[in-house]
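[1] here is my input, please return the structure:
(one chain, ligands or ions: 1)
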Amino acid sequence: MKRITKCILRKSLDLWSRCGLTAPYRRRMKGACILMYHGFTRGRNKGLENNSNLHLDIEGFRQSAAMLAKHYHVIPLHELAERIQAGDPVDDNTVVLTFDDGYASNYHLALPVLKEFGLHATIFVPTAFVEREIYQWPDRIEYAIARTQLDRINLEFPGLPENLDVSSTGKRRIALQVLDQGIKLIPQDKHLASIAHIEERAGAALSQEESPAEIYRALTWAQIRALEASGHVSIGAHTHSHLILARCSPEVARRDVGKCLDLLRTMAGIENPTFAYPNGQPGDYNDSTKRLLMDLGISVAVTTNMDFNLSDSDPMLLNRMGSPRNGHEADAICSGLIPAIKQQISKRTSLVPHSNSHAHAD
Ligand SMILES: [Zn+2]
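    Numbers count the residues shown, from 1 in each chain. Okay, the predicted model is just below:
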């Protein structure tokens, strides 16, 4: 039911934008909107691949880029941060593009679009993904459920369902939704163990795959250097192992972020990068996390809290909006129309959280 309501809302906003009704909102929009994307894909995916829609169709991103280049001021994240740090006013209609997690599709699919429209984006990289030490957990679960030879998967892990019906594609989609919800509630220190348990019981693991499907691949160091050299991309840090910092001990957090910064420096010559908090919701970072990052030389960090950024925003806690799927949706978000509607719904029902869930919670 929730999905149907969301779909109707999306279609209505799409129509609204197509009719040019976002223009008045655009003129009233105050502050800067930082958009957050992950990976990209082209055309239809096979089977359960991209079941979570983490990877956006590149044509939708191209439409967004065309619209943003025409109607908004798209600037690099570090430029926005410099203005805020200097106490300068933030121009209205300012937009910043960010991509999380360092998927190879940022290089193959998104870079040509950025070049075509003269835009800039910041890519936040968990360096263990680039080092081929980890895959992203939503991709691991998707792969395990898609590739299992079983009809039922028996699990024995606190917080996960005991029995999963995976006897058809439809049942597998439901199983993925159930697992996604369950895993997000498992404590951080048990998180990786829960995913490994699912893979083991399913008898299929992306972590053992040497040539994974295109959408699951990480950027290589050569691609990272080429992205930086293109002038259209800045590489930011996203921890080494994609750890949720506030849920780790200070020693583990310091070691993990330090390793990420060392690798970015030695492998790609990147000094003092900007930073994205993994998951990025309140509770995923705190004052100690912020201080630790500043100790390590980081002066700009983004969350996943859904809001615009003004000249008095904290440069270590910048807000971001979710991934628009096409130009009309991007306009509806960046103009402030969608946030305004959500705020109204939130006021009336007090049920809609004023936050933006990261597509994955690791
Ligand atoms: Zn992430």
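[2] now the phi/psi pair for N51, please.
    Here is the backbone geometry of N51 (degrees, to the nearest 10): phi -60, psi -30.
[3] does it touch L176 like I think?
    Yes: N51 is within contact range of L176, at 5.5 Å (criterion: Cβ atoms under 8 Å). Quick note: C-beta positions are derived from backbone N, CA and C, even for glycine.
[4] what touches both of these two?
    Common neighbours of N51 and L176 (criterion: Cβ atoms under 8 Å, 6 or more residues apart in numbering): E142.
[5] contacts only, for whichever residue of the stretch 201-350 of the chain sits closest to the ion.
    Here the stretch 201-350 of the chain gets closest to the ion at one residue, P278, 4.9 Å apart by Cβ to the ion. By Cβ under 8 Å, 6+ apart, the contact set of P278 is 126, 238-239, 242-245, 284, 358, 362.
[6] got it, and P187?
    P187 touches R247, counting by Cβ under 8 Å, 6+ apart.
[7] what distance do you get for it to K171?
    28 Å (Cβ to Cβ, to the nearest Å).
[8] for L68, same thing?
    From L68 over to K171 (counting by Cβ to Cβ), the distance is 40 Å.
[9] could you do P138 as well?
    19 Å.
[10] if you count surrounding residues, which of these two has more?
    A count of neighbours by other Cβ atoms under 10 Å puts P138 above the other of P138 and K171, at 24 against 15.
[11] part of a strand, is the more buried one?
    No: read with DSSP: H, G, I helix; E, B strand; the rest coil, P138 is helix and lies in no strand.
[12] for the residue of the stretch 201-350 of the chain closest to the ion, what are phi and psi?
    Main-chain dihedrals, P278, degrees, to the nearest 10: phi -60, psi 130.
[13] before we move on, what about L318?
    phi -80, psi 150.
[14] not counting sequence-adjacent ones, nearest residue to the spatially most distant residue from the centre of the chain?
    Most distant residue from the mean C-alpha position of the chain: D151, 31.9 Å away (Cα atoms, centre = their mean). Leaving out its chain neighbours, the residue that sits closest to D151 by Cβ to Cβ, 6 or more residues apart in numbering is S167, at 4.1 Å.
[15] so what's the residue count around the one you found?
    So S167, with other Cβ under 10 Å, has 12 neighbours.
[16] from A222, how far off is the residue in the stretch 101-250 of the chain that the ion sits nearest to?
    Nearest to the ion, among the residues of the stretch 101-250 of the chain, is D101, at 4.6 Å (Cβ to the ion). From D101 over to A222 the distance is 18 Å, taken as Cβ to Cβ.
[17] between these two, point out the one with more neighbours.
    Ranked by neighbour count (other Cβ under 10 Å), D101 and A222 place D101 first, with 27 against 11.
[18] quick check: the more buried one touching Q136?
    Yes: the pair D101 / Q136 is scored as a contact, 5.9 Å apart, by Cβ under 8 Å.
[19] what touches both of these two?
    Counting by Cβ under 8 Å, 6+ apart, the common neighbours of D101 and Q136 are 129, 242.
[20] which residues touch A110?
    By Cβ under 8 Å, 6+ apart, the neighbours of A110 are 37, 40, 58, 61, 99, 121.
[21] show the contacting residues for the last one.
    Listed by Cβ under 8 Å, 6+ apart, the contact set of A121 reads 97-99, 106, 110, 114, 232-234.
[22] give me the pLDDT value at it.
    A121 carries a pLDDT score of 98 in this model.
[23] poorly predicted segments of the stretch 251-362 of the chain, please.
    Low-confidence segments of the stretch 251-362 of the chain (pLDDT under 70): 339, 342-362.
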